[in-house]
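S.K.: here is the input, now give the coordinates:
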Amino acid sequence: MMQLLISVRNIQEALLALDAGVDIIDLKDPNVGALGALDLVTTGQIVQTINGCGLVSATVGEQHVLLSELIEDITARAQLGVDIIKIGVSALFYDLRFFVEMSKLTHAGVKMVTVFFADEKLDLDLLPALQEAGFFGAMLDTKNKQQHLFAMQTKKALHRFTQLCKKHHLKSGLAGSLKPQHIEILSQVDSTYIGFRGGVCENSIRNATLSKAKVVEVKNMLHMHNKQNGKAREMLPGVA
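M.R.: Predicted coordinates:
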C-alpha cells in the first residue's frame with residue numbers, strides 16, 4: 001500500500017496536509033532548491049503542532065561542504081522531533097568517514113532517507129552501504145523541477161529502483177514534479193510512498209500555496225489504486 005508524502009513550508013500547510021489525511025508531512029522550503037531546508041524555528045513549531053498525529057520528515061539542504069556541517073543539521077532536526085530526515089546524495093557520501101558517522105546516528109535512533117536525483121547519474125551501488133549503515137530508506141527525486149520524474153526515468157528504471165530498495169531492506173520513495181495523472185502508473189511501480197509539491201499547489205506552481213482540494217484529490221486517487229491493487233493481489237495465488 002503506497003503512502004502519500006506532501007511537502008509543506010509552514011504551519012498552515014502542515015495542518016492542511018494533516019487534515020487531508022496525508023501519511024508523511026514533509027518540511028521543505030521550495031524557494032531554496034529541490035531539497036531546500038526549512039528553518040529550524042518553523043520546523044520546531046510544526047513538529048509541536050503536529051504533536052505525533054502524523055509522521056514528519058524534513059530535508060537538510062544541499063550545500064554542505066563539510067561532513068561535520070551535515071551531521072550538525074541532521075542532529076538539530078532529530079532533536080526537534082522530526083521522524084525522518086532526508087539528505088541528498090553528494091560528494092560527502094564518498095568520504096571515508098561518511099558511513100561510519102551515519103551509522104552512529106542511525107544506531108542512536110535517527111531515521112534517514114537518502115535522496116538520489118533522477119536527472120543526474122545514479123550510483124545505485126550505494127544502496128548496500130545504506131543498508132549496512134542502517135538507513136531507513138532511499139528516494140528518487142528530480143533536481144530540475146521544470147521536468148517531471150517520468151521525463152527523466154522510464155517506468156522500468158523506476159521499478160528497478162524500488163525493487164533494489166526492497167532487496168536491501170530500504171523504504172522507497174518517488175517524487176519529482178508529479179501530477180495527479182501520474183498516480184496510475186506510479187501505482188504499478190511498487191514504491192513505499194510517493195511525494196508531491198507543485199502538483200498539489202495553486203496553479204501547479206511549487207512556490208504557491210497548497211490546494212487542499214488537490215491534496216484530497218491525490219489522496220483519494222491513491223486510496224482507490226491501493227484498493228484496486230490489493231484486490232488484484234488477492235486474486236493471484238502466491239502473491240504477497
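
S.K.: measure the nearest residue to residue 1 once chain neighbours are set aside to residue 130 for me?
M.R.: Distances taken as Cβ to Cβ, 6 or more residues apart in numbering put residue 226 closest to residue 1, at 4.8 Å, once the chain neighbours are dropped. C-beta: built from backbone N, CA, C; applies to glycine. Plainly put, residue 226 is 26 Å away from residue 130 if you go by Cβ to Cβ, to the nearest Å.

S.K.: residue contacts, the residue nearest to residue 1?
M.R.: 1, 2, 187 (Cβ atoms under 8 Å, 6 or more residues apart in numbering).

S.K.: pretty sure the last one contacts residue 155?
M.R.: No - judged on Cβ atoms under 8 Å, residue 187 makes no contact with residue 155 at a distance of 11.2 Å.

S.K.: between those two, which one's more packed in?
M.R.: Taking neighbours as other Cβ atoms under 10 Å, residue 187 and residue 155 compare with residue 187 leading, 18 against 12.

S.K.: got the contact list for that one?
M.R.: 2, 222, 225, 226, 228, 229.

S.K.: now swap in residue 124 and tell me
M.R.: 116, 161, 164.

S.K.: and it, backbone torsions?
M.R.: phi -80, psi 0 (degrees, to the nearest 10).

S.K.: for residue 35, phi and psi?
M.R.: phi -120, psi 40.

S.K.: could you check how far it is from residue 93?
M.R.: 14 Å.

S.K.: just residue 179 next, same as before
M.R.: Applying Cβ to Cβ to residue 179 and residue 93 gives a distance of 30 Å.

S.K.: longest helix of this structure?
M.R.: Counting by DSSP state H, the longest helix found in the chain is helix 212-235.

S.K.: quick one: average pLDDT of that one?
M.R.: Here helix 212-235 scores 81 as its mean pLDDT.

S.K.: swap in stretch 94-107?
M.R.: So the average pLDDT for stretch 94-107 ends up being 97.

S.K.: do the same with stretch 185-203
M.R.: Here the average pLDDT along stretch 185-203 is 94.

S.K.: quick one on the thing from earlier: show me which of the contacts of residue 187 is closest to residue 136.
M.R.: Nearest to residue 136 out of the contacts of residue 187 is residue 2 (Cβ to Cβ; 16.5 Å).

S.K.: tell me the mean pLDDT over stretch 80-90?
M.R.: Mean predicted lDDT for stretch 80-90 stands at 98.
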